[in-house]
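Asker: Next input, structure requested:
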Amino acid sequence: MTLEKLPIDGLIVLHPRRFSDSRGYFFETYNAEKYREFLGDDVCFVQDNISVSKKNVLRGLHFQSPPAAQGKLVSVLQGKVIDVAVDLRKNSKTYGQHVAVELSAESGIQFFIPPGFAHGFATLEENTIFSYKCTQLYSPQNEVTVMWNDPKLAIDWGLDNPIVSEKDGLGVDFTTFASPF
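Answerer: Model prediction:
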């Protein structure tokens, strides 16, 4: 496995090593010992989630506020997405900036997003299966949604007319948002 640090501190892309032959391929999706080495001893995953989405679905931008702030290790099991993390750490020199990473089942790439970031993704293929490993349990009372299309964030989701849930369509405006991080 190789590790790629991104321009925003704390965001990491992991490239698992694949073993391919005429039957297909095999790769390790998680190994606690290796991930502690890459992500640190304080990262402990406690909940796994899967979402299945049609093409052009946009989910996000979500985060959980402290004390239930979540780190996420995300990957795509089937299909392809544009995955986005927005820095919400007030004292960060990259506050309000984002990184977009293409994740696909074909690449096997994983994206680690620590607490202090809003997260979302847009599906680029039908029946995309998205996997999340989370460092905190889901806490609806701590969940916050930031507007996915806020002009200040200027995120290019790669979609013309995304399918967005009612909740995601009612996210808070980033310009009036008070970050808890």
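
Asker: C-alpha only now, for contacts and for neighbours.
Answerer: Noted.

Asker: Let me know the helix or strand that the residue at minimal distance from the centre of the chain is in.
Answerer: Among the residues of the chain, the smallest C-alpha distance to the mean C-alpha position (C-alpha atoms, centre = their mean) belongs to residue 119, namely 4.8 Å. Of the helices and strands defined by DSSP states H and E, residue 119 is found in strand 117-123.

Asker: what about the strands in this structure?
Answerer: Using DSSP state E, the strands found in the chain span residues 2-5, 12-15, 19-21, 24-26, 47-53, 57-64, 72-78, 80-87, 98-104, 110-113, 117-123, 128-134, 143-145, 163-164.

Asker: As CSV, could you dump the C-alpha coordinates of the second one?
Answerer: Output of strand 12-15 as CSV, limited to C-alpha atoms (Å, rounded to 0.1, in the frame of the first residue of the first chain):
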residue,chain,number,x,y,z
ILE,A,12,-4.8,11.2,2.7
VAL,A,13,-5.3,9.0,-0.3
LEU,A,14,-4.4,5.3,0.2
HIS,A,15,-3.5,3.1,-2.8
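
Asker: what helices or strands is it leaning on?
Answerer: Using 3 or more C-alpha pairs under 8 Å, 6 or more residues apart in numbering; DSSP states H and E, the elements in contact with strand 12-15 are strand 2-5, strand 110-113.

Asker: give me that answer again for 10 Å
Answerer: Using 3 or more C-alpha pairs under 10 Å, 6 or more residues apart in numbering; DSSP states H and E, the elements in contact with strand 12-15 are strand 2-5, helix 32-39, strand 72-78, strand 110-113.

Asker: Understood, closing this out.
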